[in-house]
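*Asks:* Starting from these lines, generate the structure:
(one chain, ligands or ions: 1)
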Amino acid sequence: METKKLCVIGDPVEHSLSPVIHNAVLKQTGLPYVYGRVRVRGGETAAFLRRAAEEGYAGFNATMPHKTDLVELVDELDADAQLYRAVNTVVLRDGKIRGCNTDGRGFLQMLLEAGISPEDKTITVLGAGGAARAVVLKLAQSGARRIFVCNRTRSKAEALAKEFPTQITPCGLDEETLQDCALFSDLLVNTTPMGMHGMAARFEQLDFLAALPKGAAVCDIIYSPPETMLLARAKALGLSTLNGLGMLIYQAVFALEEFTDVKIDAQEVLPAVKAALNEAMNA
Ligand code: ATR
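*Replies:* This is a model prediction of the structure:
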């Protein structure tokens, strides 16, 4: 059987873990695809799309700075890509270009696997950027009762709230606001890069965590380091914690399902993917 090409595009793209995850799943499932990485600069998205079609790519994933540009360049969008106005997965099939977004689905799957259902919950989300958009809108779609979106730049939280105004409340990121939101929250999710490996940005303080009710969960979509300061403090307070590794893996598995049109049993491939990621991240 002919081996088909897949890749991730971005700039920078050298450190993308997508090839590690996808190739581990491909090896495990025996699906006839290879997955590489291609550096594509901003402004060159359309040129790459043409090249991908000519070179017979079955599809590709997109990271910074292409996710938004792709929305206008594809023939059709799936419902999530349409709602988030961002594409992370492009499928080239039968001469058609389809843009999908698997980030929100990946995030939700991670929560459900951890035994956390957003339905009827009150949730605080820190950040209102691209990642927050997928997280917050998926939480709203999944029946969250109330979502406080706390962001340094309040106008961005307000813009996000307009999508589901009855469920989303825009807020600031100051300590007093965080305390107030935490008091009522079953779940708190960080989508900002504060605490990420290699980033200078840090939380000035984390006292708001103590305001969360007993039994609340704290999720950081950061996976490197595996335990951020936010998660370490939450754990010390006896709260359950979750990092972003599951989201990273599930968005990739869902993307691979889109590329191949084959249902993948995530539980079956998970150990091999985790082992490959461990090796790559500790290399
Ligand atoms: P991503 O696609 O990873 O979400 P992004 O769209 O640039 O990246 O969004 C980053 C988010 O983290 C934003 O909500 C940003 O806040 P602003 O909207 O005020 O810029 C937030 N963020 C980044 N650095 C931060 C910092 N040092 N303190 C507080 N918030 C920060």
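
*Asks:* Tally up the residues packed near the closest residue to the ligand within the chain, please.
*Replies:* Closest to the ligand within the chain is Gly129: 1.8 Å, counting by Cβ to the nearest ligand atom. Where you see a C-beta, it was placed from the backbone N, CA and C, and this is true even at glycine. The local packing of Gly129 (other Cβ atoms under 10 Å) involves 14 other residues.

*Asks:* for it, what are its contacts?
*Replies:* 156, 191-192 (Cβ atoms under 8 Å, 6 or more residues apart in numbering).

*Asks:* If we check the ligand, which of those residues are in contact?
*Replies:* With Cβ under 6 Å from any ligand atom as the criterion, the contacts of Gly129 include 156, 191-192 near the ligand.

*Asks:* Please enumerate the strands of the stretch 151-283 of the chain.
*Replies:* Taking DSSP state E, counting those that start in this stretch as the test, the strands found in the stretch 151-283 of the chain are 168-171, 187-190, 217-220, 240-242.

*Asks:* what does this structure have sitting close to the ligand?
*Replies:* So far as Cβ under 6 Å from any ligand atom goes, the chain lies against the ligand at 127-132, 151-153, 156, 173, 191-194, 201.

*Asks:* before we move on, the earlier item: looking at the strands of the stretch 151-283 of the chain, which is nearest to Thr3?
*Replies:* Nearest to Thr3, of all these, is strand 240-242, at 35.9 Å by Cβ to Cβ.

*Asks:* ok so, going back, what's the farthest-apart pair in the residues of the chain next to the ligand?
*Replies:* Spatial extent of the residues of the chain next to the ligand (Cβ to Cβ) is set by the pair Gly130 and Leu173 at 16.9 Å.

*Asks:* now, which of the ones next to the ligand among the contacts of Gly129 lie within helices?
*Replies:* Using DSSP state H, the subset of the ones next to the ligand among the contacts of Gly129 located in helices is Lys156.

*Asks:* possible to save the ones next to the ligand among the contacts of Gly129 as CSV with neighbour count?
*Replies:* As requested, the ones next to the ligand among the contacts of Gly129 are exported to CSV (neighbours: other Cβ atoms under 10 Å):
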residue, neighbour count
Lys156, 17
Thr191, 25
Thr192, 24
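
*Asks:* Would you reformat the ones next to the ligand among the contacts of Gly129 as a markdown table and include pLDDT?
*Replies:* Listed next are the ones next to the ligand among the contacts of Gly129 as a markdown table, based on pLDDT from 0 to 100:
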| residue | pLDDT |
| --- | --- |
| Lys156 | 98 |
| Thr191 | 98 |
| Thr192 | 98 |
